[in-house]
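Trainee: no sequence for this one, just the structure:
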């Protein structure tokens, strides 16, 4: 992590809910409560088990939220990109992070003192609603992942991961933001099985894979594979 130069919140393209809340009261945002930091690709933004001290707001880049398992067997729960809060699941119920977040490309964050966020959460109805919506979205993504991993076979799981990436980028043609190993971690599949399944789907004409460039050719069929698991 490297502390970056001060940019006034007024000049930031990614206005967070806290900034809007202060503006609605006609108050200046307390810049002294903000730490702006940059993270390089593969650098950890927060680590499972570390103490939670700040609300972290992703303003640029992409990151993965995952559970660190035994012997390096991790499970990626979902990817995130701006605007996104990192650590919402740990703000009020746990003093420690129950997961890790790592940048998968260079990323910028704003870190806001947790006490300030809690104060606004409890005292500002609009902030409460917005954070609850963000919290609900995180929970929904995790519940969907649990159902996928519990009920689908490996072919159905890799299909769902590819469809999730297509939805994440809003197109059936995208560049994989993760390695084959990480794609396997999104599906709870070994790297070897991930490579084999991608090859099978390519040979069946369902997807096209050239290096890290992926194109879903037959979205209805891939969706059916995901659905039937």
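Mentor: Yep, it's here. What you are looking at is a predicted structure, and each value in this text was computed from that prediction instead of being measured. Numbering: from 1, shown residues only.

Trainee: List of residues touching stretch 195-212?
Mentor: When contacts are defined by Cβ atoms under 8 Å, 6 or more residues apart in numbering, stretch 195-212 is touched by residues 154-155, 158-159, 162, 175-176, 180, 189, 214-218, 221-222, 225. Any C-beta I mention is one placed from the backbone N, CA and C, and that applies to glycine too.

Trainee: one more time with 7 Å, if that's ok
Mentor: Stretch 195-212 is contacted by residues 154-155, 158, 162, 175-176, 180, 214-218, 221-222 when judged by Cβ atoms under 7 Å, 6 or more residues apart in numbering.

Trainee: measure residue 229 to residue 77 for me?
Mentor: Using Cβ to Cβ, to the nearest Å, residue 229 is found at 19 Å from residue 77.

Trainee: Next: residue 194.
Mentor: 17 Å.

Trainee: follow-up on the earlier one: what about residue 229 and residue 77, which has more around it?
Mentor: Using other Cβ atoms under 10 Å as the criterion, residue 229 and residue 77 rank with residue 77 on top: 21 against 16.

Trainee: Contacts only, for the more buried one.
Mentor: Neighbour list for residue 77: 65-67, 99, 141-142, 145 [criterion: Cβ under 7 Å, 6+ apart].

Trainee: and the gap between it and residue 69?
Mentor: Taking Cβ to Cβ, one finds residue 77 at 12 Å from residue 69.

Trainee: and residue 18, how many neighbours does it have?
Mentor: Using other Cβ under 10 Å, residue 18 is surrounded by 26 other residues.

Trainee: Ok, residue 198 next?
Mentor: Residue 198, neighbours per other Cβ under 10 Å, totals 18.

Trainee: Check which helix or strand it maps to.
Mentor: Taking DSSP states H and E as the criterion, residue 198 maps to helix 191-203.

Trainee: In terms of secondary structure, what does the helix or strand of the chain with the lowest mean pLDDT contact?
Mentor: Every helix and strand in the chain was compared by mean pLDDT, DSSP states H and E; the lowest is helix 17-24, with a mean of 72. Applying 3 or more Cβ pairs under 7 Å, 6 or more residues apart in numbering; DSSP states H and E, we find helix 17-24 packed against helix 114-123, helix 125-151.

Trainee: Mean confidence (pLDDT) on the longest one, please.
Mentor: For helix 125-151, the per-residue pLDDT values average out at 84.

Trainee: which of the residues in that helix are buried?
Mentor: For helix 125-151, a neighbour-count test (16 or more other Cβ atoms under 10 Å) marks 127, 130-131, 138, 141-142, 145, 148-149 as buried.

Trainee: next one: the first one
Mentor: Applying a neighbour-count criterion of 16+ other Cβ under 10 Å, one finds 114, 116-117, 120-121 buried in helix 114-123.

Trainee: What pLDDT does the model give residue 218?
Mentor: Note for residue 218: predicted pLDDT of 97.

Trainee: Could you do residue 6 as well?
Mentor: pLDDT recorded at residue 6 is 61.

Trainee: Lovely, talk soon.
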